[in-house]
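> I would like the atomic coordinates for the input below:
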Amino acid sequence: VEDVWFRYDGPWVLEGVTLEVCRGEVLAVMGRNGSGKTTLMKLLNGLLKPTKGEVLIDGKSTRRMSPAEAARMVGLAFQDPSRHLFAETVWDEVSFGCRNLGLPLENAERALQLLELTSLRDKPVYKLSMGEKVRTVIASALALNPQVLILDEPTTGQDESVLRELASIIGEAKRLGKSIVVVTHDSEFALAVADRVAVLVDGKVKCIGEAESVLLNEQILEEAGLEPPLAGYSCREVQTSCCQAA
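I've put the predicted structure just below:
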């Protein structure tokens with residue numbers, strides 16, 4: 001992301017944002033509501049184009065990509081899976097992108113396996129537990145085999161068991177060489193899974209750095225309206241063990 005400015009019709013939503021997401025890293029993007037996080041995510045996967053500046057995916061500007069082309073490179077799993085699941089069964093949901101973009105259905109099969117959904121492939125989506133819904137939404141994004149996976153507020157309203165599942169999924173995606181961007185207010189979860197953290201304040205990057213150096217800085221957290229993480233968050237053990245197993 002190179003000096004990106006963006007606005008809809010009124011004031012600037014993003015101002016001079018510059019950051020890089022490296023291959024095989026987890027970047028947490030954090031900030032209070034209205035800081036520009038969701039707009040930035042839509043710019044990253046080509047749903048929006050910068051007013052000024054450039055968003056480059058593997059060196060190619062999103063200005064020269066259709067949304068479908070960008071979606072093959074950057075997968076986006078939206079917040080609140082219950083609002084975004086629309087197909088009849090898990091398989092219909094996960095394979096939808098492949099069927100509509102002409103991608104091999106083997107991609108969807110691998111996504112089912114990765115997210116441990118194979119046994120649920122014929123289950124109606126309305127009968128899924130919340131954890132299963134989260135995994136289905138992420139599998140739908142991964143079925144397009146993107147280089148980058150964006151998770152938009154995946155922890156909101158989730159209990160500890162789902163958070164542990166999320167941490168494990170992120171660790172596995174990282175092991176596969178994916179770049180993962182996690183948008184979250186949850187400092188504890190970010191500390192558990194992220195390599196680096198970018199903090200947005202009023203549409204600008206306040207700071208970006210290693211997760212611990214950012215999330216243990218009380219001044220930065222206070223300015224960004226974020227709660228400090230608690231020590232010894234259990235998801236850290238899940239994510240670390242997943243990486244060690246790799």
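> which residues of this protein fall in strands?
Using DSSP state E, the strands found in the chain span residues 2-6, 14-17, 26-30, 52-54, 56-57, 60-61, 74-77, 148-152, 179-183, 196-201, 204-210.
> the longest one to strand 196-201, inter-axis angle?
So that's strand 204-210. Computed by axes from the mean of the first three to the mean of the last three C-alpha atoms, to 10 degrees, the angle separating strand 204-210 from strand 196-201 equals 160 degrees.
> other residues contacting strand 204-210?
Strand 204-210 is contacted from outside by 14-19, 31, 195-200, 214, 217, 220, 223-224, using C-beta atoms under 8 Å, 6 or more residues apart in numbering. Every C-beta, even on glycine, is put in place using the N, C-alpha and C of the backbone.
> so where is the protein shaky, pLDDT-wise?
Filtered on pLDDT under 70, the chain yields the residue ranges 80-82, 231-246.
> got the residue ranges for the helices in it?
Assigned by DSSP state H, the chain shows helices spanning 37-44, 67-73, 81-84, 90-101, 105-114, 130-142, 160-175, 187-193, 211-215, 218-224, 235-245.
> can you tell me which of those is nearest to residue 181?
Of all the helices of the chain, helix 37-44 sits nearest to residue 181, with 6.8 Å by C-beta to C-beta.
> for that closest one, packing partners?
Where contact means 3 or more C-beta pairs under 8 Å, 6 or more residues apart in numbering; DSSP states H and E, helix 37-44 is packed against strand 2-6, strand 14-17, strand 26-30, strand 74-77, strand 148-152, strand 179-183.
> okay, now the sheet partners of the fifth one, with direction.
In this case it means strand 148-152. Paired with strand 148-152 in the same sheet, following DSSP bridges, are strand 74-77 (parallel), strand 179-183 (parallel).
> got it, and the third one?
Note on strand 26-30: by DSSP bridges, its sheet partners are strand 179-183 (parallel), strand 196-201 (parallel).
> could you pull out the buried residues of the shortest one?
Pointing back at strand 179-183 there. 179-183 (16 or more other C-beta atoms under 10 Å).
> stretch 72-87 spans what distance, first to last residue?
20 Å (C-alpha to C-alpha, to the nearest Å).
> with stretch 112-122 instead?
11 Å.
> tell me which of the helices of the chain lies nearest to residue 123.
helix 90-101 (5.4 Å).
> and the closest one with helix 130-142, angle?
20 degrees.
> neighbours of the nearest residue to residue 191 once chain neighbours are set aside, how many?
Spatial nearest neighbour of residue 191, chain neighbours left out: residue 229 (4.4 Å); criterion: C-beta to C-beta, 6 or more residues apart in numbering. Counted by other C-beta atoms under 10 Å, the residues lying close to residue 229 total 20.
> ok, residue 213 next?
12.
> that one and residue 162: what is the separation?
Residue 213 is 28 Å from residue 162, where distance means C-beta to C-beta, to the nearest Å.
> and if you look at residue 119?
Per C-beta to C-beta, residue 119 is found 18 Å from residue 162.
> what of residue 52?
39 Å.
> give me the more crowded residue out of these two.
Set residue 52 next to residue 162 and count neighbours by other C-beta under 10 Å: residue 162 wins out with 19 against 13.
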